[in-house]
Every structure is written in structure tokens, then in C-alpha cells.
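Engineer: Need coordinates for the following:
(chains A and B)
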Amino acid sequence: MNILEISDLHMSFGSNQVLRGLNMAVPEHAIYGFVGRNGAGKTTTMKIVLGLLKAQSGSVTVCGEKVSYGSARTNRHIGYLPDVPEFYGYMRPREYLKLCGEITGLPAAEIKSRSAELLELVGLAGVNRRISGFSRGMKQRLGIAQALLNKPRLLICDEPTSALDPIGRRQVLEILSAIRGQTTVVFSTHILSDVERICDHIAVLEQGRLALAGTLSEIQKQHRRNSFRIRFAAEEEGRAFSQLAELDRPGIELELEGRELQIVSGDDSIGGQELIDLLSAQQIAPEKFEAMEPTLEDLFTEVVK
Amino acid sequence: MNHFFVFLKKELLEYARTYKLLILLTVFIIFGITNPLIAKLTPDLLANFMPEGMTVTIPEPTALDSWAQFFKNTQQMGLIVLLLVFSGVLANEISKGTLINLLTKGLSRQAVIAAKYGAMLLVWSVSVGISALLTWIYTVYLFPGDPVSHLIFAVFCMWLFGAFLLAVLLAASALAKGNYGGLLLTGCIVVVLFSLNIIPGAAKYNPIALAARNMELAAGAAEPPALYPAAGITVLAVLALLGLALAVFRKKEL
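Structural biologist: I've put the predicted structure just below:
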């Protein structure tokens, strides 16, 4: 079942067309990496999902309910963590969570127990000072706590790690990993290593549409090119091999760097077995023979170039 | 309704912790205490500062002088402090983004407007109420037996004018960007209201009358019905301004 469905979404700011018929489906319990360049329209999409921005056309449903601009009805299913969450600096973390809980309509006892549980989860259980004295990382963690307070079915995080130092980033990613299976997470970012680390589904937003979408393994499968790396025992061996007539064909790219030869065959001009047979015919025993998977960075670069 | 009270509580906590409440209460308590004292001491002070040999007859101060101080201080300093303290009441939250978390949790925009106005009105009511009460206590003590007419209605008119200014400020804060945009717009609206008095017959309906004719009421020179048209227009204007603030805020993309 898809918890979030976006269909043919269009949005522009003045002459800048940000979304051009975006279609997107987020399956329940996924950790969904929503990737795109700065200004690609990730935040715009999220704000439309939250009913904070009005799309020019298209529709959004959350848990099967249509999202309407200005209405907070569908937001009862959603927890939202903005990129830089802003709080009332004069409040303490528990007071802020109490305010959020009262707005959500949780009973007082549940607010108390849930606040304690979430502050423990985000590592702020012992912190009782005013939020104005919090670091960015602490604010981000408190942001996660407030977003999870009402046990949302969908947690939307807008670049939650982009403004954090490595320790803060790791902490936030660990928290998001810890809720895997309980809550669906849509996680927008341009930090690809974060996506590879915790996301099981990935979508790349480019030119106002999804240029890639699916699980990382599915995407890698779809975009797999025959790509191999061979490490030879000696540099001369590699040079001789790269000059073989069998490899001098259109569609095969060779790159020799020291003892390592990278072979990319874009249109299945050559396969792994054929290369092994060639090595065997030349009586070459390589130190290493590797079929390479494209990384997310390779895929992203390919899509946005 | 629940959202209104939750947000009202948050607003009042904010006023308490950011010293807005303290500033307003201090200012209005000082006014309350000093109004009758200044009225009482002014003749003596003037006499002391007169050049030697000069004789000026200063009438004996009365309770009306004390209330004149109250209305003058409230209208001039009090309302200015009130507007300065609450400037950017909505614009600040919009520009900082502090409302985003709460609105995505289901807080209605109507509750935000109602609670913000309710909290400001409550603080204004308490401030002007304490100031009037202190002025009354000291006036009765310092000028026993002096007659003052329609005092409660005169103070009510001042309160209603403050309530009107707060509604103007809230609507202006929804319309204008930044902290001081709303304040500037409010100032412009007050200037326009003053200018309207040049139109014959307009003064009777102008909310400005509520803050300008209080001493006429206290001295018995005007009867309350003379201010009913202005009071009625002001109540309608407050409702219209709150409606405008809500309509503008509903269209604000956050």
C-alpha cells in the first residue's frame, strides 16, 4: 500500500517552473530518500504535501485522503521535520512537546509518557534548559521528537542532516534508522551517502519530475552497464591486454590507470564471461577481476548531467 | 476552542518569559501611582520653579486633574508602549517559521488569530485596569469627595480604543512583512483616523473620539450617548479587522 501518492503535480514561482507533472508513490514502512539538487523542488513538494503551499494543479493523497491547501486534516497522519526547525526559545523541551501534544489532542498522561520516551530516543532526556541555548543538532533532535509525538504514519524530514556536523548527522540518521518499520519516512536530501546509509527506496527529482525511482537495487539493476575493473600483476600486462583487437570496438570504453584497467561496455558489447575467456586465451591471471555496480552518486550524476 | 486555549496559554507564557508582561505592568502601575501624585504636586512644583517675586494663581488641584493625567498618560505613553511591545505579533512568527510545526500538527489558523488577539487584549485589559484602579485609590485618598462623572464609561472608552488599536496592529502584522512593518502601518492608520476628523460630522463616528473625549465625560461636559456611535463603529471595526487578519493569514504561504 502507498501511504503517499502524488499525481501530476505542477508548481511554479513566477516564471520558475519548479514541478512539471511530478508523480510519486511512497510505499508504507519505506525509508524513502527524496534526492535532488538544491532548488530542485524537494521542499516545495513537501510543503504541498503538508498543505502549506498551494499547487497549481495535480493531486496529493496521504493515507488515501486528499490533501487540501490550508487544511491540516491530513496532517494528523504526518510528522514534519523542517530543514531548520524553529522553536520558541523561551520554552523547555518538555514544555514544547506538551504544547505540540495538546494541539494534536493527545491526553495529558500520554503526552507525558510519550515526551519522556521520545526525549530518551533523541538523547535529550536529561536536558531541561531553554531551547534558545540549544545547538543546531539538539534542535534537529528535538524536531524529530516533536514530529514523532503523535505516532505519525508518515514522517517527512526536509534535509534533516544538511546543516549538521558529522556527529549530529550520525545521531539523526541513527534515530531515523531506529524507527524503521514503525513509521514511513520521506527523507529529502542532497547528501547521497546519507541516502545510501539508511534509505531503502530512492527517488531523484530533476527538472520537476522524478528521473529515477525505486529501491536502490532495482535502480542499480535498471542502470547497470557492463562495467569491469581488472587489476593486472604488471603494468605491461594491462597495456598489452587493453590493446587487443577484441576490445577495440565501438561501445567499449577503456581506461588504464597503472595496473588497473576499467572497461565500460554501454550496450552489452562485451560481457564478463567474454573478458574472462580473453584473459584466459592470453594466459593472463589477473590479481583482481571485479564486475562493478553503479553507485548512487554515479546514477545521480548521470541523471542530472 | 481547545486550540484557542492551548495557543492562548502559549502566548501568555511568551509574554511572561520575554518580559513583555513585566514591561507593560510596570509602565501601567507607575502611571497608576503617579497620576494622582503629579496632579497633587504640580502646583507646588510650579510654585517652586517660578522666578522670585512672580505671582501666578494656580487653581487648587482636584480629582479631575488626577484623571486628566490618567487619560493623558494612557493615551500618549501607554498606547505607544503597548504597540511597541506587541509589534510584529504575527509577522515575527511567520518570518521565523515557528508556526510551521504547530500548523502541521493541526493547529487552525483561526485559533492563532483569535488567541493572539485574546492574549493581547487580556494583557491590555489587566494593565489599564490596574492603572485605573491605582489611580482611583490614590485619587480618592488625595482628593476625597471630589466629583467625577461617568468614570467607568470614560475608562471603558479608553480600553475600547486600545482594543481597536490591537486589532489594527494584528491585521497590519498579517499584511506587512517584518517586525516594524505592522507598527508603521498601524501608525499610518491612526494618522488617517485623525485626518478624518476634518470631515464635518465624521468625528462623532471616529474611534479616535474614544481616546479624545474621556475628560469631557469625566467632567460631565459630555454624556455617554455622545460616544455611542464611535463605540459602535469601533466594535464593528475590531470584528472587521480580525476578519481581515484571518483572511490574510489564511492565504499566507508558510
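
Engineer: Which pLDDT does the model give the residue of the stretch 1-150 of chain B found nearest chain A?
Structural biologist: Nearest residue of the stretch 1-150 of chain B to chain A, counting by Cβ to the nearest Cβ: B:Arg17, 3.8 Å away. All C-beta atoms are positioned from the backbone trio N, CA, C, and that covers glycine. B:Arg17 carries a pLDDT value of 95.

Engineer: Spatially, what comes nearest to it if we skip its sequence neighbours?
Structural biologist: Closest residue in space to B:Arg17, ignoring its immediate chain neighbours: A:Tyr90 at 3.8 Å, by Cβ to Cβ, 6 or more residues apart in numbering or on different chains.

Engineer: so A:Lys288 sits right up against A:Arg231, yeah?
Structural biologist: Yes - under the criterion of Cβ atoms under 8 Å, A:Lys288 makes contact with A:Arg231 at 4.0 Å.

Engineer: returning to that earlier point: and for the residue of the stretch 1-150 of chain B closest to chain A, the neighbour number?
Structural biologist: 17 (other Cβ atoms under 10 Å in any protein chain shown).

Engineer: Repeat that for B:Tyr228.
Structural biologist: There are 11 residues near B:Tyr228, going by other Cβ under 10 Å.

Engineer: now do A:Thr44
Structural biologist: For A:Thr44, using other Cβ under 10 Å, the count is 22.

Engineer: same deal with B:Leu217?
Structural biologist: Quick note: B:Leu217 (other Cβ under 10 Å) scores 25 neighbours.

Engineer: circling back: contacting residues for the residue nearest to B:Arg17?
Structural biologist: Under the criterion of Cβ atoms under 8 Å, 6 or more residues apart in numbering or on different chains, the contact partners of A:Tyr90 comprise A:130-132, B:13-14, B:17-18.

Engineer: Give the helix, strand or coil label for the residue of chain B positioned farthest from its centre.
Structural biologist: Within chain B, the residue lying farthest from the chain centre (Cα atoms, centre = their mean) is B:Gly53, at 43.4 Å. Assigned by DSSP: H, G, I helix; E, B strand; the rest coil, the conformation of B:Gly53 is coil.

Engineer: backbone phi and psi for it, please?
Structural biologist: Note on B:Gly53: backbone dihedrals following degrees, to the nearest 10 are phi 90, psi -10.

Engineer: any idea how far it is from A:Asp200?
Structural biologist: 97 Å (Cβ to Cβ, to the nearest Å).

Engineer: Need the nearest residue in space to the residue minimising distance to the centre of chain B, chain neighbours excluded.
Structural biologist: Closest to where the C-alpha atoms of chain B average out (Cα atoms, centre = their mean) is B:Gly162, at 2.8 Å. Nearest residue to B:Gly162, sequence neighbours excluded (Cβ to Cβ, 6+ apart): B:Trp124, at 5.0 Å.

Engineer: Over to that neighbour: give its phi and psi.
Structural biologist: Dihedral angles (degrees, to the nearest 10) for B:Trp124: phi -60, psi -40.

Engineer: Switch the contacts of A:Tyr90 over to JSON lines; also include distance to A:Thr189 and secondary structure.
Structural biologist: Formatted as JSON lines, the contacts of A:Tyr90 follow (distance: Cβ to Cβ, whole Å; DSSP: H, G, I helix; E, B strand; the rest coil):
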{"residue": "A:Arg130", "distance to A:Thr189": "30", "secondary structure": "coil"}
{"residue": "A:Ile131", "distance to A:Thr189": "24", "secondary structure": "helix"}
{"residue": "A:Ser132", "distance to A:Thr189": "27", "secondary structure": "helix"}
{"residue": "B:Leu13", "distance to A:Thr189": "35", "secondary structure": "helix"}
{"residue": "B:Glu14", "distance to A:Thr189": "33", "secondary structure": "helix"}
{"residue": "B:Arg17", "distance to A:Thr189": "35", "secondary structure": "helix"}
{"residue": "B:Thr18", "distance to A:Thr189": "35", "secondary structure": "coil"}
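
Engineer: List the contacts of residue 129.
Structural biologist: Picking chain A for this. Going by Cβ under 8 Å, 6+ apart, the list of residues near A:Arg129 reads A:Arg92.

Engineer: look at chain B instead
Structural biologist: Here B:Gly129 is in contact with B:Trp159 (Cβ under 8 Å, 6+ apart).

Engineer: What strand or helix carries it?
Structural biologist: helix B:109-142 (DSSP states H and E).

Engineer: Show me what the strand or helix carrying A:Arg197 is packed up against.
Structural biologist: Using DSSP H and E, A:Arg197 falls within helix A:192-198. Under the contact definition 3 or more Cβ pairs under 8 Å, 6 or more residues apart in numbering or on different chains; DSSP states H and E, helix A:192-198 sits against strand A:31-36, helix A:166-178, strand A:184-189, helix A:296-304.

Engineer: buried stuff in that helix?
Structural biologist: The neighbour-count check on helix A:192-198 (16 or more other Cβ atoms under 10 Å in any protein chain shown) flags A:192, A:194-195, A:197-198 as buried.

Engineer: Can you name the next helix or strand after that helix?
Structural biologist: Sequence-wise, the next helix or strand downstream of helix A:192-198 (DSSP H and E) is strand A:201-206.

Engineer: ok, the following helix or strand past that following strand: who's next to it in the sheet?
Structural biologist: Per DSSP H and E, strand A:201-206 leads on to strand A:209-215 as the next helix or strand towards the C-terminus. If you go by DSSP bridges, strand A:209-215 pairs up with strand A:201-206 (antiparallel).

Engineer: and the angle from the strand it pairs with to strand A:31-36?
Structural biologist: Using axes from the mean of the first three to the mean of the last three Cα atoms, to 10 degrees, the inter-axis angle of strand A:201-206 relative to strand A:31-36 is 10 degrees.

Engineer: For strand A:201-206, output the C-alpha coordinates as CSV.
Structural biologist: What follows is strand A:201-206, C-alpha atoms only, in CSV (Å, rounded to 0.1, in the frame of the first residue of the first chain):
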residue,chain,number,x,y,z
HIS,A,201,13.7,3.5,-1.6
ILE,A,202,15.1,6.3,-3.6
ALA,A,203,13.6,8.9,-5.9
VAL,A,204,15.6,11.5,-7.8
LEU,A,205,13.9,14.8,-8.6
GLU,A,206,15.2,16.5,-11.6
